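In: could you work out the structure for the sequence below:
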Amino acid sequence: MNGQLSNSKALVVFSGGQDSTTCLFYALKQFQEVELVTFNYGQRHALEIDVARQIADDQQLKHHVLDMSLLSQLAPNALTDHTMNISAESELPNTFVPARNLLFMSFAGALAYQIGAKHIITGVCETDFSGYPDCRDMFVKSLNVTLNLSMDKEFVIHTPLMWLDKKQTWQLADELGQLDYIRANTLTCYEGIIADGCGTCPSCLLRNNGLRAYMKERETK
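Out: From the prediction side, this is the model:
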């Protein structure tokens, strides 16, 4: 870690999952002041918001929860329609929520403007992005320029996980001294089960396979 940036304030886009919680601890190492923003968009499990609140309380961080329920009105998908089964059989999984990250990052930018935060951190990742187009590096760079032009500010969007696979994300959590905390307290599972989850949904398989690969590698060192 490079040490904290002087006179710096950061806003972490925070879901309470493995990736965004890793970004939270990354931000605490890098920036003097950190706040969190979580979006309530009618996601499959309201527990996600409770988990995010609990982690924010644990770390004594200011936590904003913004109502984005309009997303559930725009297109059917398995993250907002609780009657749909999770499927990753097509090229684009039915867990993709069109324009979600575009809207989330736009509102995060508006909030960052209000609270005086120059830095915005998000856990999007192109290595394990499941085909979601709004997790790509090109999208984030384009949006960063758009946010800056729209508000005449010099925001910096940080994506510390962009080129990491799940094994490397667990390694980063370990380097931050938070692997056990992140494993025990985050919600990644599509079935709404905290920690290691159901073990069978696509999100759990990605998370747990990465953890096993990292732990195996760590044991051999």
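In: pLDDT score assigned to Tyr132?
Out: The pLDDT attached to Tyr132 in the predicted structure is 81.
In: again, but for Ala108
Out: 98.
In: which of the three states applies to it?
Out: helix (DSSP: H, G, I helix; E, B strand; the rest coil).
In: for it, grab the count of nearby residues.
Out: 26 (other C-beta atoms under 10 Å). Any C-beta I mention is one placed from the backbone N, CA and C, and that applies to glycine too.
In: tell me who's in contact with it.
Out: Each residue near Ala108 by C-beta atoms under 8 Å, 6 or more residues apart in numbering is listed here: Leu11, Val13, Val37, Ile120, Thr122.
In: against His64, how distant is it?
Out: Taking C-beta to C-beta, to the nearest Å as the measure, Ala108 falls 9 Å from His64.
In: now swap in Glu191 and tell me
Out: 27 Å.
In: same question for Leu161.
Out: When Leu161 is compared with His64 (using C-beta to C-beta), they lie 22 Å apart.
In: looking at the two, which one has more neighbours?
Out: Leu161 (26 against 17).
In: surely that one touches Val124?
Out: Yes - assessed by C-beta atoms under 8 Å, Leu161 is found in contact with Val124 at 7.3 Å.
In: what is the burial count for Met105?
Out: 24.
In: also Asn209?
Out: Count around Asn209 with other C-beta under 10 Å applied: 13.
In: contacting residues around the nearest residue to it once chain neighbours are set aside?
Out: Among residues not flanking Asn209 along the chain, Lys166 sits closest, at 6.8 Å (C-beta to C-beta, 6 or more residues apart in numbering). Residues in contact with Lys166 (C-beta under 8 Å, 6+ apart) are Asp128, Leu206, Arg207, Asn209, Gly210, Leu211, Ala213.
In: the last one: which element?
Out: The one in question is Ala213. helix 202-220 (DSSP states H and E).
In: and that helix, what does it pack against?
Out: Secondary-structure packing of helix 202-220 (3 or more C-beta pairs under 8 Å, 6 or more residues apart in numbering; DSSP states H and E): helix 166-175.
In: got the CA positions of the helix it packs on in PDB?
Out: Extracted in PDB, the C-alpha atoms of helix 166-175 (Å, rounded to 0.1, in the frame of the first residue of the first chain):
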ATOM      1  CA  LYS A 166     -11.300 -14.000  -7.400                       C
ATOM      2  CA  LYS A 167      -8.200 -15.800  -6.100                       C
ATOM      3  CA  GLN A 168      -6.300 -12.500  -6.400                       C
ATOM      4  CA  THR A 169      -9.200 -10.600  -4.700                       C
ATOM      5  CA  TRP A 170      -8.900 -13.000  -1.700                       C
ATOM      6  CA  GLN A 171      -5.200 -12.400  -1.700                       C
ATOM      7  CA  LEU A 172      -5.800  -8.600  -1.600                       C
ATOM      8  CA  ALA A 173      -8.200  -9.100   1.300                       C
ATOM      9  CA  ASP A 174      -5.500 -11.100   3.100                       C
ATOM     10  CA  GLU A 175      -2.900  -8.500   2.500                       C
END
